[in-house]
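S.K.: Provided below are the primary sequence and the corresponding predicted coordinates.
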Amino acid sequence: MTSTPTTTGEPAAQGPTGAFPARGRSGSGRLWRVLVYVSGKLLTAVVSLAAVVVAGFFLFRILPGDPVRAMTEGREVTAQQREELRRQFGLDQPLWQQFLDYCAGLARFDLGTSFQYREPVADLILERLGPTVLLAGTGTVVAALLGLFLGTRAGWRPGGRADRTHTAVALFLWSVPTFWLGLLLIVVLASGRGFVPGLFPTGGMVDPGVSGALDTVLNTAWHLVLPVATMVAVIYAQYLMIMRSSLMDEKGADYLTTARAKGLRDGLVRRRHAVPNALLPTVTLIFLNLGQVVSGVILVETVFSWPGLGQLFYSGLRVPDLGLVQGLFVVFAASVILMNLLADLVYPLLDPRVRP
């Protein structure tokens, strides 16, 4: 193909896909554009995190309830003792002073102290992080694989029986309240009144008295079945619907017509050409859900008494334990912001059309 001459007499350069003009070939110019792009994304992440810190601090201050009164409920304490507790936790300071002290602690990676546990919030988070990553990470991976597989089948032949069936089931489960589905699975598969009574445990992570590495792993996997099934059933529809829509958009692309004209079988055209390009829009969703792995699934962990960050957050809200819920809120938000930043940095590597 002959390039169209420009006003300077030089051929017009074409981009990676042949449809977008290349932006200059100078190494220093490209490096500068990359630095500007990365700096802009980093600045956006920092501003977002700062907004989360401010909003989280003042948001939890308007929650109803008195933390000191909740901690001393059922105990005979004097007014002086309550005031001493307020002083120890800094609740006697003006709101602006509490905010400055909180920001100073964050700068030192100090998330404060839990009112009800009387322990540093950072230690509590590290203690519960493992169970949450195990549960939410497993559920996210299974949901992504299942949703992408079924979305590929549904989108390749839209309107067919498989498309109608998978889409209807996914949307139905997506609309079901998480806590209701979890309780239903407990009644049907874990309680003594279901169709298969006692097949799975009703809650917890490991049965008391279990010892040995292999027994602990097997028992934990047994406890994982119902929580993971609940989580996957609710969220896999996101991947299915996005993959289905992306694949339907790719079906009429010229490069697929060319691949078929070369004699490639329909299955190869789908696997080698259509699916890799249709996966691009799901990158951001996958990274965002990976960020939410740290926050866990609060409702799922609460229903199944899973000892993770979600249940810890729920227990902090009931008091309210301001130090605990603020620290968890910042960690949850920071994980999502970080994963979104990584998605913004990885996406140009996967799609040349959006490279700086």
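M.R.: Received, thanks. Residues are numbered from 1 along each chain as shown.

S.K.: what residue ranges in the stretch 201-350 of the chain are flagged as low confidence?
M.R.: 292-296 (pLDDT under 70).

S.K.: Helices along that one, start to end?
M.R.: Along the stretch 201-350 of the chain, the segments classed as helices by DSSP state H, counting those that start in this stretch run 213-250, 254-261, 266-268, 275-278, 282-295, 298-303, 309-318, 322-350.

S.K.: Would you reformat these as CSV and include mean neighbour count and distance to Cys103?
M.R.: Just so you know, the C-beta spots here come from the backbone N, C-alpha and C atoms, and that holds for glycine as well. Formatted as CSV, these follow (neighbours: other Cβ atoms under 10 Å; distance: least, Cβ to Cβ, whole Å):
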stretch, mean neighbour count, distance to Cys103
helix 213-250, 19, 34
helix 254-261, 13, 52
helix 266-268, 11, 57
helix 275-278, 18, 44
helix 282-295, 19, 22
helix 298-303, 22, 26
helix 309-318, 21, 20
helix 322-350, 19, 11
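
S.K.: Quick one: closest of the ones you listed to Ile62.
M.R.: helix 322-350 (11.0 Å; Cβ to Cβ).

S.K.: Give me the distance between that closest one and the centre of its chain.
M.R.: 9 Å (Cα atoms, centre = their mean, to the nearest Å).

S.K.: quick check: angle from it to helix 282-295?
M.R.: Helix 322-350 runs at 160 degrees relative to helix 282-295, counting by axes from the mean of the first three to the mean of the last three Cα atoms, to 10 degrees.

S.K.: Now do helix 322-350: which elements does it pack against?
M.R.: Where contact means 3 or more Cβ pairs under 8 Å, 6 or more residues apart in numbering; DSSP states H and E, helix 322-350 is packed against helix 27-61, helix 121-156, helix 282-295, helix 309-318.

S.K.: Which neighbouring elements make contact with the shortest one?
M.R.: It stands for helix 309-318. Checking 3+ Cβ pairs under 8 Å, 6+ apart, helix 309-318 ends up next to helix 121-156, helix 282-295, helix 298-303, helix 322-350.

S.K.: Need the contact partners of it.
M.R.: Contact with helix 309-318 is made by 63, 114, 116, 124-125, 128-129, 132, 294-302, 305, 321, 324-325, 328, 331-332, as judged by Cβ atoms under 8 Å, 6 or more residues apart in numbering.

S.K.: swap the cut-off to 6 Å and go again
M.R.: With contact meaning Cβ atoms under 6 Å, 6 or more residues apart in numbering, helix 309-318 is reached by 128, 132, 296-298, 301-302, 324-325, 328.

S.K.: okay, that helix in CSV with CA atoms only?
M.R.: Output of helix 309-318 as CSV, limited to C-alpha atoms (Å, rounded to 0.1, in the frame of the first residue of the first chain):
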residue,chain,number,x,y,z
LEU,A,309,-11.6,-8.5,57.3
GLY,A,310,-15.3,-8.3,56.3
GLN,A,311,-16.5,-9.7,59.6
LEU,A,312,-14.0,-7.5,61.4
PHE,A,313,-15.5,-4.4,59.7
TYR,A,314,-19.0,-5.5,60.6
SER,A,315,-18.0,-5.9,64.3
GLY,A,316,-16.4,-2.5,64.2
LEU,A,317,-19.6,-0.9,62.9
ARG,A,318,-21.7,-2.3,65.6
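
S.K.: With that, I have no additional questions.
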